[in-house]
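> Pasted the sequence and its predicted model underneath.
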Amino acid sequence: MLKYFVAIVLTALLSLVAGLYLPWWSIAVTAFLVSVIIPQKPLYAFFSGFIGVFLLWEILAWWRDTRNDGILSQKIAQVLPLGGSTLLLILITSLIGAIVAGFAALAASYLRKPE
Amino acid sequence: MKSIRILPFIIHLCITVILIIVLNRQWGNVPPVGKFLSPQHGFWQNADAVDKDFSEDLKFDGIQDKGSVYFDDRLVPHIFVTKESDAYFIQGYLHAKYRLWQMEFQVLAAAGRISEIIGRKALNYDKEKRRLGMVFGAEQSLSEIEKDSITKSQCDAYTAGVNAYIENLKESELPIEYKLLNYVPERWTNLKTALFLKYMCFELAGNEDDFEYTNAKTAFGIKDFEKMYPYFQDSLDPVVPKGTIFPPPAIALKPPPSTDSMYLGRTDSLGGGHARPDKDNGSNNWAVSGKKTKSGAPILCNDPHLGLNLPSLWYEMQITTPEFNAYGVSFPGSPGIIIGFNDSCAFGFTNAMRDVRDYYEIQFKDESMQEYWFHGEWKKATFRYEKIRIKGEPDLIDTVAYTIFGPVMYDKKFTGSRRTSGNYYAVRWKAHDPSNELMLFNRLDHAKSYDDYYSAIQWLHTPGQNCVFATKSGDIAIWSQGEFPAKWRRQGDFIMPGTDSAYMWQGTTPQPENPHLINPERGFVSSANQFPADPAYYPYYMGGSYPAYRGWLINKFLNQWTNITPKDMMTLQTENENAFAEMAKPVVMRNIDLTTLSEEEKKLYDILDAWDMRDDPESKGATLFDILWEEFTKLVWDDELGQTKLPTVYPHESTLLEGILRDSTFKFLDNINTPEKETLRDLMTIAFKKAAARCKTLNADGRLLWAKYKATRINHLARLAPFSRMDLPIGGGTNCINAAKSDHGPSWRMIVELGPVTEAYGVYPGGQSGNPGSPYYDSFVDTWVVGKYYLLWVMNKDDVNDKRVKWTMSFSK
């Protein structure tokens, strides 16, 4: 359980740093690497990557949205179109990142057998 | 090793890679979802903190010495430099920082390059811009700009400033429109500044109805044409007052002897309906002398009416150099202050409305378009190969033939509207001629006196403008200025034969003969796109389209008023009195047959009867009148215009109004499709009933109030509704001084009192930031809607520690 928790936190932190310098899909690379470093069963690995990036993107999006008073998110939630729902927009944002990271971690989990 | 499960690894790796590829790609209108949603790369990065700190210390090689920018609480920059060129570098940098997407988009639109961004659907638009010779015209301008060392160095510094921003731009900082449409900015060039100026030429000097008029003349004959589309109206109150005597013209014009057979009497059948700027791309400006103001100082006012867009066409700023200190609005895309004031004077513009775009029918020897018949011989055409890049498709080459008149714009290879079956039409456009309008603004920013202004406006060729001017020393002046072709009567209103040199423009109106007014006895000068001078006496033909009513209103007020204050000017600029309705309502009311009205219609009649002829936001009468006149117009003209299947235009509303005021049996009232003879009373009563029916529906939807019906909106440039401001509760309209129409209107309201300390007010319907995610994106809109103004702060060097300075940006080497 501790391993699972560490993997989530590590995925989030590494993705945050990578995102400063690398393209958006660097979340897949970091989730993959974390899954190689910390071997887990496939399902656990998937959710480590998934939850790690989900939380990261959720917090980042929410933080920017709060500081922006929701000015932009309301507009984008109409452009996309999500009926103007900021909550839905933040949720979709996080899910997109989470799925990519989850699959990357899942793939890597098959490289090493958990002890 | 046996712990590796290779197959599931490969499968899930593939899923991951495919997911990334799919989410990194644009699908139709859907932006690359992963890239777009990533909080560290995509749109969330454009969600500026509402308390964002705009202060920065910046270092660039392009800076000659140093500069400081102080932003006030409205995010208006006040630039202070020790070397003038640094001001333009910083201006370029700021324009790019706050308005990059808009700057580039407008230039791509001018150059006919929109297909590169949105694909094939913009192809006809792009072809029309190429064939109009927009890039050709910009190249002519650029060579003039670069011939002059002043404008060359101004442009070079500006371009370097824009590029300094672009080069240091991170992916995450891209304006949101680039992220949505999935492309990246190019480097700025001096040509792009020239292209931007041509974009304004297209807006302001691109209006003509030559094809539609030719069709109308063919359908109705020249005699009826003259009645339906007369050269001028009775209700005119020109810029230069009636009764002014003009000296005989310096150019003796010779209409070709063949006009009756070859031109006025000729019949053509032309396609039509093309992209054209708004007919009311006009404006108001006026200046009153000190003897009419309370303070004794002159007051200058200007509100240019243009398409209302977000981000706004304008960007407000102050530029202080050792040579000048100018405040006003600038064009993102061009250096300098365009409409504003400095320590000595103030300046502004309205459109002069002259028709400077004509068409000639070209006789080519064959379809290769190599040679055309002109003045008794075959002349060789030259060619320009327009390479149009289309998103997701191979490039397309559009070959455009150039004649002695200009480019052959319409032929059968053209796929947009105005395509022709086999004819060739070349366009002669004044905006193709070499000129350097940047120098106009440069000189005005530096101007200290009337003489400086007079020498500055010599640089204005196209688009022709009514240039209003006032100085602290007490002078007021207006020149209807530009390089105008000297035309004989009706020259260029129709397609002209391209085989006969006699139909070419024979010269230019000598500049001193342009209509003007300097320190007139009446104590004010004004313009609102009406005729610059009385056509009965002015010696040159002023073909064009001139709305009469706003100018009449402005002069009515300014003639009456004394002891004027800036506050009075605010009232005047936002005045909702409808001058057209004032003249038309009596004849309308007289001719509605009350005996035929139902109870419900009578109620609406009473509303109209009680209407105060003001287009106020809450007015129901304004809506009723507007719809009634629209229905009446259709009843009168649709039978005539229906005689031809070809595109024509409705005659001007003043023609109809003056027709029925003069003569209740106005010839065109009769519906030619019915045996009986309709009277004015018949038509007006039917029009009222039709209007009443429409108003009933509107009332049921709660949209009968004028502002609700008119639904003024400020569209985002790419027509993205969530980035636009819809349904603004503002009054006014076409024939009010407050000319706020549905998507067009006062784009910058400015009032400058030139006392010992300048007192200036301004507002534009937008905000300083072009970022839809910034609180400064539309922060002025609500102030503009209610007709309020901001006091413009002319900052001094010593005000650095003033409370009004919110952020500081420093530029150094």
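Arrived safely. Residues are numbered from 1 along each chain as shown, chains lettered A, B, ... in the order given.

> Just give the nearest non-adjacent residue to residue B:86, would you?
residue B:67 (4.7 Å; C-beta to C-beta, 6 or more residues apart in numbering or on different chains). The C-beta positions use only the backbone N, C-alpha and C, and glycine is treated the same way.

> Low-confidence regions, the chain specifically.
By default, I'm working from chain A. Within chain A, the segments meeting pLDDT under 70 span A:114-115.

> meant chain B, my bad for not saying
B:1-4, B:235, B:269-281.

> Where is the longest helix in the chain?
Just going to use chain A. Using DSSP state H, we find that the single longest helix of chain A is helix A:42-67.

> Switch to chain B, please.
helix B:84-110.

> For that one, what is the distance to the chain centroid?
Relative to the centre of its chain, helix B:84-110 is centred 19 Å away, using C-alpha atoms, centre = their mean, to the nearest Å.

> Tell me how many other residues surround the residue nearest to residue B:365 when sequence neighbours are not counted.
The spatial neighbour of residue B:365 that comes closest, neighbours along the chain excluded (C-beta to C-beta, 6+ apart), is residue B:371 at 4.5 Å. For residue B:371, the neighbour count with other C-beta atoms under 10 Å in any protein chain shown is 15.

> same thing with residue B:473?
For residue B:473, the tally of surrounding residues (other C-beta under 10 Å) stands at 13.

> wait, the residue nearest to residue B:365 sits on residue B:363?
No. Counting by C-beta atoms under 8 Å, residue B:371 stays clear of residue B:363, with 9.7 Å between them.

> related to what we said a few turns ago, where's the longest helix of chain A relative to the chain centroid, distance-wise?
With C-alpha atoms, centre = their mean, you get 4 Å for helix A:42-67.

> burial count for the residue in the stretch 301-450 of chain B positioned nearest to chain A?
Nearest to chain A in the stretch 301-450 of chain B, going by C-beta to the nearest C-beta, is residue B:310, at a distance of 11.3 Å. Neighbour count for residue B:310, taken as other C-beta under 10 Å: 23.

> ok, what's across the strand from it?
When bridges are called by DSSP bridges, residue B:310 pairs up with residue B:716.

> What residues does chain A have near chain B?
A:16, A:19-20, A:23-25, A:28, A:32, A:42, A:57, A:60-61, A:64-65, A:67-69, A:71-76, A:78-79, A:92-93, A:96-97, A:99-100, A:103-104, A:106-108, A:110-113 (C-beta under 8 Å from any C-beta of the partner chain).

> now with 6 Å?
Residues of chain A lying close to chain B (C-beta under 6 Å from any C-beta of the partner chain) are A:19, A:24-25, A:28, A:57, A:60-61, A:64, A:67-69, A:71-72, A:75-76, A:78-79, A:93, A:96, A:100, A:103-104, A:106-107, A:110-111, A:113.

> and those, which are buried?
Buried subset of the residues of chain A next to chain B (neighbour count, 16 or more other C-beta atoms under 10 Å in any protein chain shown): A:19, A:24-25, A:28, A:57, A:60-61, A:64, A:68, A:71-72, A:75-76, A:78-79, A:93, A:96, A:100, A:103-104, A:106-107, A:110-111.

> Helices - which of those land there?
Counting by DSSP H, these place A:19, A:28, A:57, A:60-61, A:64, A:71-72, A:75-76, A:78-79, A:93, A:96, A:100, A:103-104, A:106-107 in helices.
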